[in-house]
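Student: Predicted structure and sequence below. I'll ask about it afterward.
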Amino acid sequence: MIFSETNQAISKALVVAWGAIETPKHNANVTVKTKAGGTYEFSYTDLEGIFDVLKAVYKENKIAVLQTPKTFFQDGHLMISVETMLLHESGEWVKSEPLSVAASNNMQDLGGQITYMKRYSLSAISGISTEKDDDANGVSGNQVEFKNETKPKKLSEQQVKRLFAIASSHGISVADVKKALMKDYNKTLAEDLTKQEYDELCTRLENAGKEPQHA
């Protein structure tokens with residue numbers, strides 16, 4: 001991990017926060033197909049479940065979570081990485097080393113990769129356990145299928161209409177909403193927002209007034 005030049009305030013806040021964070025409940029499943037032909041499952045906590053246990057504690061201790069995905073080329077291959085930063089109200093911060101994998105050419109799968117890395121990076125920097133140890137099955141050559149993650153659940157048509165209706169009622173254009181989707185969530189379609197991202201953006205739009213650049 002990398003700390004800001006000064007870190008007394010954030011260190012104190014993180015110690016208090018870590019003592020208050022509860023281990024998240026598992027809310028999704030993984031199916032492992034072994035090389036020998038057998039299968040078994042274990043449970044894990046998805047990204048939304050992690051935020052459910054972290055958000056209130058971090059808010060209480062004046063800590064914000066910033067996760068930044070980035071694509072880059074390495075040895076001729078397109079890679080995708082995610083960096084997680086915990087930012088304290090003092091301006092001090094701590095961030096993870098970027099977690100990176102070879103990027104998928106399929107946009108939906110790429111979104112799943114980003115979600116996967118956000119989950120691992122956030123749970124690691126927060127010091128919490130979100131799944132049972134899979135005994136390095138992926139590294140051992142067994143096929144590991146994470147359910148409810150590589151294909152995130154899309155928002156309903158009604159939810160998308162509500163999002164744009166809120167924006168319109170506050171004088172915010174469709175183009176400005178789409179800019180916010182790309183800038184703040186790295187997504188081009190509103191339906192690809194998670195439920196948490198959707199709720200957050202709706203609240204921000206309701207409070208944005210005539211300032212769409214802050215939506």
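Tutor: Arrived safely. Numbering: from 1, shown residues only.
Student: Just give the nearest non-adjacent residue to the most centrally placed residue in the chain, would you?
Tutor: The residue lying closest to the centre of the chain (Cα atoms, centre = their mean) is K118, at 4.3 Å. Excluding the flanking residues, the one nearest K118 by Cβ to Cβ, 6 or more residues apart in numbering is Q67, at 5.0 Å. Using the backbone N, CA and C atoms, a C-beta is placed for each residue, glycine as well.
Student: Low-confidence ranges, the protein, go.
Tutor: 30, 32, 34-35, 40, 42, 131-153, 209-215 (pLDDT under 70).
Student: Which stretches in it count as strands?
Tutor: Secondary structure of the chain (DSSP state E): strands at 2-3, 28-33, 39-44, 63-74, 77-88, 93-95, 99-102, 143-146.
Student: Tell me which residues are up against the fifth one.
Tutor: Identification of contacts with strand 77-88 by Cβ atoms under 8 Å, 6 or more residues apart in numbering yields 9-10, 13-14, 58, 62-73, 93-104, 110, 113-114, 117-118, 121-122, 125-126.
Student: quick one on the thing from earlier: ok, the residue nearest to K118 touching S121?
Tutor: Yes. Taking Cβ atoms under 8 Å as the definition, Q67 is a contact partner of S121 at 6.9 Å.
Student: can you tell me which residues contact E191?
Tutor: K154, L155, E157, Q159, V160.
Student: I figured F3 was touching V94, is that so?
Tutor: Yes. With contact defined as Cβ under 8 Å, F3 reaches V94; the gap is 5.0 Å.
Student: joint contacts of these two?
Tutor: Common contacts of F3 and V94 (Cβ under 8 Å, 6+ apart): I10.
Student: ok, the two, which is more surrounded?
Tutor: More crowded of F3 and V94, by other Cβ atoms under 10 Å: V94, with 19 against 12.
Student: That one touches I10, doesn't it?
Tutor: Yes. V94 lies in contact with I10 (Cβ under 8 Å); the separation is 6.1 Å.
Student: what residues are shared contacts of these two?
Tutor: F3, S4, L86.
Student: Return the member of those residues nearest to S43.
Tutor: The shortest gap between S43 and any of the shared contacts of V94 and I10 belongs to L86, at 26.1 Å (Cβ to Cβ).
Student: Could you check how far that closest one is from L54?
Tutor: 10 Å (Cβ to Cβ, to the nearest Å).
Student: between the two, what contacts are shared?
Tutor: V65, S126.
Student: So which of those two has more stuff around it?
Tutor: Taking other Cβ under 10 Å, L86 and L54 do not tie; L86 has more neighbours (24 against 21).
Student: what residues are up against L47?
Tutor: Contacts of L47 (Cβ under 8 Å, 6+ apart): T115, K118, R119, L122, T194.
Student: Setting the sequence-adjacent residues aside, check what's closest to it.
Tutor: The shortest distance from L47 to any non-neighbouring residue, by Cβ to Cβ, 6+ apart, is to R119 (4.6 Å).
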